[in-house]
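> Here is the input, now give the coordinates:
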Amino acid sequence: MPRPFRVAGISFDHMHMGDLLRQVHDHPEAEIAGICDPDPARMAGAIANFSIPPDRVFTDVAACLRTDPDLVILCPATADHARHVETVAPSGRAVMVEKPFAASLADADRMIAACRASGALLAVNWPLAWYPTHNMTKRLIDAGTIGEVLEVHFYDGNRGPLYHLADKVEVTPEEVARQKPSSWWYKAAAGGGSLLDYLGYGATLGTWFLNGEAPTHVCATAWGAPGLEVDEHSVTVLRYARGLSVMQTRWGTFSDPWTRQPQPRCGFVIVGSEGTIASWDYDDHVLVQTRDRPDVHPVPAPPLSAPNRGPVEHLIHVIRTGAPLHGPLDPAISRTGQRIVDTAFASARERRELPLAG
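Below is the predicted model:
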């Protein structure tokens, strides 16, 4: 029987760590080699959910790496992404960083350089990259169904990052209010805010839809409730050679899109020269109109198939076979998204349109 594929999870700052470890736990050929966080209390849920024994629980990264993982999943606060990758990359282990890519383009380039120096694989996971609707949208674009892509419209977010835990377990408003003053999500120095949390989704998948094309200029504005260090709503306009695209991020949607879609709906609308596609998060179909069939009609978006149904399964396949990374997970695509995010952040601060950074 072949050796199980071993995965280590380091840093529980982001609640997605629990979701990713569940994918490891449920994979028939994988095992959790170790988990690590400086605060043992933050690992308690994963220890209980996945029956992780004490000898696989660490507060020291170096000790965790000695468990000989094939893949290291990192879920630190955004501002700590580069430091964590630079710590792990010299081991040569494959690294998957949970979105967003980084707090800045300079940090993203540090991460790319660290992995290149050791030959370690670097992937950036964007959960929206695994939604059947958005994958169907990419297939329709590549098939020429809507012609040349002219505009990408994106609106996404949730009620706020503290309203849910791993597995989308809901948190009460009272507990949210208690945590908010000390949470890294609401600290500027930690990389908090809706723009840094969600614009990378739209910018990265938008770049994927555009086959890697980058905008020339970016103009953004952002708003946060009085007393907050970070934004809760941002609007970004991207100027391309052929027109404009618009992306909004929102902490404070009327409902979480995984329970019921709010209005505006969360997801994408793609406008092409020969048609349009509405690609909503969590749906089982996209809505299409073309010149040959101008009435809006549904096109099924079937579930993804193995070995590409999610990031853990996909990376096991990539590492074992040398297959290419799924589009948005590729650091080259994610780097263009980071260029957009950096420029948007600076534009909102300076209150003017800026040429694309980097």
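> how close does I10 sit to V57?
Note on I10: its distance to V57, by C-beta to C-beta, to the nearest Å, is 12 Å. For the C-beta atoms, the positions are set from N, CA and C on the backbone; glycine is no exception.
> quick one, strands of the stretch 251-358 of the chain?
267-272, 275-280, 285-290, 297-300, 354-355 (DSSP state E, counting those that start in this stretch).
> Include mean neighbour count, mean pLDDT and distance to A348 when you put the ones you listed into a markdown table, please.
Compiled in a markdown table, these are given as follows (neighbours: other C-beta atoms under 10 Å; pLDDT from 0 to 100; distance: least, C-beta to C-beta, whole Å):
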| stretch | mean neighbour count | mean pLDDT | distance to A348 |
| --- | --- | --- | --- |
| strand 267-272 | 22 | 98 | 22 |
| strand 275-280 | 22 | 98 | 26 |
| strand 285-290 | 19 | 98 | 31 |
| strand 297-300 | 12 | 98 | 36 |
| strand 354-355 | 14 | 98 | 10 |
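> possible to save the ones you listed as JSON lines with distance to A79?
Shown next, in JSON lines, are the strands of the stretch 251-358 of the chain (distance: least, C-beta to C-beta, whole Å):
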{"stretch": "strand 267-272", "distance to A79": "28"}
{"stretch": "strand 275-280", "distance to A79": "31"}
{"stretch": "strand 285-290", "distance to A79": "35"}
{"stretch": "strand 297-300", "distance to A79": "40"}
{"stretch": "strand 354-355", "distance to A79": "22"}
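> H217: which of the ones you listed is closest?
Evaluated over those, closeness to H217 peaks at strand 354-355, with 5.5 Å, by C-beta to C-beta.
> where does I32 land in three-state SS?
In terms of secondary structure, I32 is strand; the call rests on DSSP: H, G, I helix; E, B strand; the rest coil.
> Excluding sequence neighbours, find me the nearest residue to it.
By the measure of C-beta to C-beta, 6 or more residues apart in numbering, the closest residue to I32 outside its immediate chain neighbours is V24, 5.4 Å from it.
> Quick check, the one you found in contact with E31.
Yes: counting by C-beta atoms under 8 Å, V24 touches E31, with 7.1 Å between them.
> Report the set of residues contacting both of those two.
V7 (C-beta atoms under 8 Å, 6 or more residues apart in numbering).
> okay, I10 and V57: which has more neighbours?
In this comparison of I10 against V57, neighbours counted by other C-beta atoms under 10 Å, the higher total goes to I10 at 23 against 18.
> Local confidence estimate at M1?
The predicted local confidence for M1 comes out at a pLDDT of 59.
> Number the residues from 783 up from this point.
Taking 783 as the first residue, the last one we looked at is M783.
> Skipping adjacent residues, who's closest to R1047 in space?
Using C-beta to C-beta, 6+ apart and skipping residues adjacent in sequence, the residue nearest R1047 is W1062, 5.2 Å away.
> Quick one: residues contacting that neighbour.
Residues touching W1062, when contacts are defined by C-beta under 8 Å, 6+ apart, comprise T915, Q1043, R1047, C1048, G1049, F1050, V1068.
> quick revisit: of V806 and E813, which one has the most company?
When neighbours are counted by other C-beta under 10 Å, V806 comes out ahead of the other of V806 and E813, with 23 against 15.
> Double-check that that one belongs to a helix.
Yes: secondary structure assignment places V806 in a helix (three-state DSSP).
> Would you mind identifying the helix or strand in this structure with the lowest mean pLDDT?
When the helices and strands of the chain are scored by mean pLDDT, DSSP states H and E, helix 955-961 comes last with a mean of 95.
> tell me which residues in it are buried?
By neighbour count, with 16 or more other C-beta atoms under 10 Å as the criterion, the buried positions of helix 955-961 are V958.
> got a list of what the residue lying closest to V1012 once chain neighbours are set aside touches?
With sequence-adjacent residues excluded and distances taken as C-beta to C-beta, 6+ apart, V1012 is closest to G975, at 3.3 Å. Contacts were defined as C-beta under 8 Å, 6+ apart; by that measure G975 touches W967, Y968, A1004, G1006, V1012, D1013, E1014, S1016.
> By neighbour count, which of these wins?
Of all those, the most densely surrounded is S1016 (27 neighbours; neighbours counted as other C-beta under 10 Å).
> Describe which strands the host helix or strand of that residue pairs with in its sheet and in which direction.
Using DSSP states H and E, S1016 sits in strand 1015-1022. The strands beside strand 1015-1022 in its sheet (DSSP bridges) come out as strand 999-1005 (antiparallel), strand 1025-1033 (antiparallel).
> Nearest to S833, out of these?
strand 1025-1033 (34.0 Å).
> Quick check: buried residues in the closest one?
Neighbour counts over strand 1025-1033 (16+ other C-beta under 10 Å) mark S1027, M1029, Q1030, T1031, R1032, W1033 as buried.
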